[in-house]
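Q: I would like the atomic coordinates for the input below:
(2 chains)
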Amino acid sequence: MELFGEGFAWLADPANWTDERNGIFLRLWEHVSLSVAALAAAVLIGLPLGLWIGHTGRGATAVIAIANIGRAIPSVGWLGIVFPITLALLGRNGLGFVPSLIALAALGIPPIVTNTFAGMREVDRELIEAGRGMGMRETEVLRQVEVPVALPVILAGVRVSAVQIVATATLASIVGGGTLGEFIVQGIFVRALDRVVGAAILVGILAILTELAFSLLQRRAVSPGLRGQPLPAPHMAAQVGLPPAGPAD
Amino acid sequence: MREGEPLFRIDWVIDNLDEIAQRLGEHVLMVVAAVAIGFVISFGLAILARRFPRTYGPILAVTGTLYAIPSLALFVLLIPITGLSLTTGIVALVLYTLLILVRNIVTGLEGVPPDVVEAATGMGFSASQRFWRVELPIATPIIVAGLRIATVTTVGLVAITTFIGLGGLGYLIINSGTRRFFPTSIYVGVLLCVLLAVLADLALLWVQRRLTPWAKARLG
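A: Numbers count the residues shown, from 1 in each chain, chains lettered A, B, ... in the order given. Purely as a prediction, here's the structure:
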């Protein structure tokens, strides 16, 4: 148990924060900037894809099957898959930020696609018909009916994705991407357990803050007409053609 | 990566089949142990939540917070308590299964239609007979759905245990793969993880179909 004390002592030493080449501030910045960039990329790719298959129903089986297989690839596996390829293509630039960004974005896409799709599918068909009956165009149905109703579920997916990315950014250090994982991965290697525990505490806090921030966002995004109901849980895996987990009837 | 190192070397795979099989075995053992223990604990928690509904909120909050802690950080934070040991790995993996399993068991049991429960009571079933012979079978598809997600997730998480010195396929991905810039070992590890996850998923689906033949028509 004294290791926790050592971890906190390591965190409490200002010199550990300000070191210009391997300080906590530097690693924290690497961690956050990599995570934000990866989440942005995951949203930019996953959201339109999820909206499209959710709205049209086209290609759903294939996309969801791929997303489910994507879930089976371990987080560390994504880095392992990507970096030999970027290294072969880009030489020295193929280490560090680039493979980390690609791997984290790939990791973050499946939850966004499956939740966007599931959220869209859960929208009451009668609502959509009503929208069409009122003379809305398809894009208006999408923007004014489907997305607002599905938004809490969509954001649940973004939340899962964000937390996974923040958690996995830790592993970027094994391909030279820095981040707080530098203290954990390299620390375990050289048995400097005080900084390993200290950095693990920081990563834990960062992940829980991300979770809380997105829960808050999710709560605020609920359309006023639907407030007062509990927030939807994220869909962990989409099952095409199956009703979402819920009352059997 | 050495100069001119190909992305995949089949001769390495053939030469190291023993090692690969050993790592696969370790991986499977950890997944089975974690999901089995997690299921027993979750079942207890779900029963508790059903009997005392006020406990459900706190149970979800605690398991949800645990779920948000990055795996590598959780493994590391358990080191001061349980050391660099298999226990550390299994405890962390079990903690990750709880949220998914408890939620699906409770949702499954809550989904049993009240009139079915009433009919069973009317036929003279005692509370425990009703639970084991009516409510649990009806809840089985959703419970197994939870098991499938928990299992696939655990297959991925076990790979991280290599950082605390445990074996498994993560050893091939990290220690003999990434650390040595040796892609073949990485791809073998990742491929086997995916295969394992898909096979486990299909096996559980098969079990569910055998347990609930009546649901076949509806589940397709």
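Q: could you say what helices and strands the helix or strand of chain A with the lowest mean pLDDT packs with?
A: Among the helices and strands of chain A, helix A:60-72 carries the lowest confidence by mean pLDDT, DSSP states H and E, at a mean of 79. The contact analysis (3 or more CB pairs under 8 Å, 6 or more residues apart in numbering or on different chains; DSSP states H and E) places helix A:60-72 against helix A:24-56, helix A:97-122, helix B:136-158, helix B:183-211. Where C-beta positions appear, they are placed from N, C-alpha and C, glycine not excepted.
Q: okay, those, which one's buried deepest?
A: With neighbours defined as mean count of other CB atoms under 10 Å in any protein chain shown, the helices and strands packed on helix A:60-72 peak in mean count at helix A:97-122, which reaches a mean of 26.
Q: Give the next helix or strand downstream of that one.
A: Downstream of helix A:97-122, the next assigned helix or strand under DSSP states H and E is helix A:125-133.
Q: How far does that next one sit from its chain's centre?
A: How far helix A:125-133 lies from its chain's middle: 32 Å, per CA atoms, centre = their mean, to the nearest Å.
Q: Quick check: what element follows that helix along the chain?
A: Downstream of helix A:125-133, the next assigned helix or strand under DSSP H and E is helix A:138-140.
Q: pull the CA atoms of the helix or strand following that next one into CSV?
A: The C-terminal neighbour of helix A:138-140 among helices and strands, as given by DSSP H and E, is helix A:147-168. Only the C-alpha atoms of helix A:147-168 are listed here, as CSV (Å, rounded to 0.1, in the frame of the first residue of the first chain):
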residue,chain,number,x,y,z
VAL,A,147,-31.0,13.4,-35.0
PRO,A,148,-32.7,15.3,-32.1
VAL,A,149,-34.5,12.2,-30.9
ALA,A,150,-31.5,10.0,-31.3
LEU,A,151,-29.0,12.5,-29.9
PRO,A,152,-28.7,11.1,-26.4
VAL,A,153,-27.8,7.6,-27.8
ILE,A,154,-25.4,9.1,-30.4
LEU,A,155,-23.7,11.0,-27.6
ALA,A,156,-23.5,7.9,-25.5
GLY,A,157,-21.5,6.4,-28.3
VAL,A,158,-19.2,9.4,-28.5
ARG,A,159,-18.8,9.2,-24.7
VAL,A,160,-17.7,5.5,-24.8
SER,A,161,-15.4,6.4,-27.7
ALA,A,162,-13.8,9.4,-25.9
VAL,A,163,-13.2,7.4,-22.7
GLN,A,164,-11.6,4.6,-24.6
ILE,A,165,-9.4,7.0,-26.6
VAL,A,166,-8.2,8.8,-23.4
ALA,A,167,-7.5,5.4,-21.8
THR,A,168,-5.7,3.9,-24.8
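Q: So what touches the next helix-or-strand element following helix A:147-168?
A: Sequence-wise, the next helix or strand downstream of helix A:147-168 (DSSP H and E) is helix A:181-189. With contact meaning CB atoms under 8 Å, 6 or more residues apart in numbering or on different chains, helix A:181-189 is reached by A:22, A:24, A:27, A:31, A:169-174, A:193, A:195-196, A:198-200, A:203, B:72-73, B:76, B:163-164.
Q: And for stretch A:3-16?
A: The contact list for stretch A:3-16, computed with CB under 8 Å, 6+ apart, reads A:23-24, A:193-198, A:200-202, B:79-80.
Q: Quick one, which of those residues are buried?
A: A:24, A:193-198, A:200-202, B:79-80 (16 or more other CB atoms under 10 Å in any protein chain shown).
Q: could the contacts of stretch A:3-16 go into CSV alongside secondary structure, distance to residue A:232 and pLDDT?
A: Listed next are the contacts of stretch A:3-16 as CSV, based on DSSP: H, G, I helix; E, B strand; the rest coil; distance: CB to CB, whole Å; pLDDT from 0 to 100:
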residue, secondary structure, distance to residue A:232, pLDDT
A:23, coil, 40, 93
A:24, helix, 36, 95
A:193, helix, 40, 85
A:194, helix, 41, 89
A:195, helix, 39, 91
A:196, helix, 36, 89
A:197, helix, 35, 89
A:198, helix, 36, 92
A:200, helix, 31, 91
A:201, helix, 31, 91
A:202, helix, 30, 93
B:79, helix, 36, 86
B:80, helix, 37, 84
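Q: Work out which residue lies at the spatial centre of chain B.
A: The residue lying closest to the centre of chain B (CA atoms, centre = their mean) is residue B:151, at 2.7 Å.
Q: Equivalent analysis for chain A, please.
A: When CA atoms, centre = their mean is applied to chain A, the residue found nearest the centroid is residue A:161 (1.7 Å).
Q: Leaving out chain neighbours, which residue sits closest to the residue nearest to the centre of chain B?
A: residue B:200 (4.9 Å; CB to CB, 6 or more residues apart in numbering or on different chains).
Q: got it, and residue B:148?
A: residue B:204 (4.8 Å).
Q: One more: residue B:182?
A: Going by CB to CB, 6+ apart, residue B:182 has residue B:176 as its nearest residue, at 6.3 Å.
Q: Quick check: the one you found touching residue B:183?
A: No. Look at residue B:176 against residue B:183 with CB atoms under 8 Å: they stay out of range, at 11.0 Å.
Q: Where in chain B is the helix or strand with the lowest mean pLDDT?
A: helix B:216-219 (a mean of 54).
Q: show me where pLDDT drops low in chain A?
A: Chain A contains residues with pLDDT under 70 at A:1, A:223, A:225-231, A:236-249.
Q: can you rerun that using 80?
A: A:1-2, A:64, A:67-72, A:186, A:189, A:222-249 (pLDDT under 80).
Q: same thing with chain B?
A: B:1-5, B:179, B:215-220.
Q: can you map out the helices along it?
A: Ranges of helices in chain B, per DSSP state H, are B:10-15, B:17-51, B:56-68, B:71-82, B:86-110, B:114-122, B:127-130, B:136-158, B:169-170, B:183-211, B:216-219.
Q: Reformat those as a markdown table; add distance to residue A:82.
A: Converted to a markdown table, these look like this (distance: least, CB to CB, whole Å):
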| stretch | distance to residue A:82 |
| --- | --- |
| helix B:10-15 | 20 |
| helix B:17-51 | 21 |
| helix B:56-68 | 25 |
| helix B:71-82 | 18 |
| helix B:86-110 | 24 |
| helix B:114-122 | 50 |
| helix B:127-130 | 52 |
| helix B:136-158 | 16 |
| helix B:169-170 | 17 |
| helix B:183-211 | 10 |
| helix B:216-219 | 36 |
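Q: returning to what we had before: please name the residues that touch the residue nearest to residue B:151.
A: Going by CB under 8 Å, 6+ apart, the list of residues near residue B:200 reads B:31, B:148, B:151-152, B:155.
Q: go with 10 Å
A: Contacts for residue B:200 (CB atoms under 10 Å, 6 or more residues apart in numbering or on different chains) come out as A:72, B:28, B:31-32, B:35, B:147-148, B:151-152, B:154-155.
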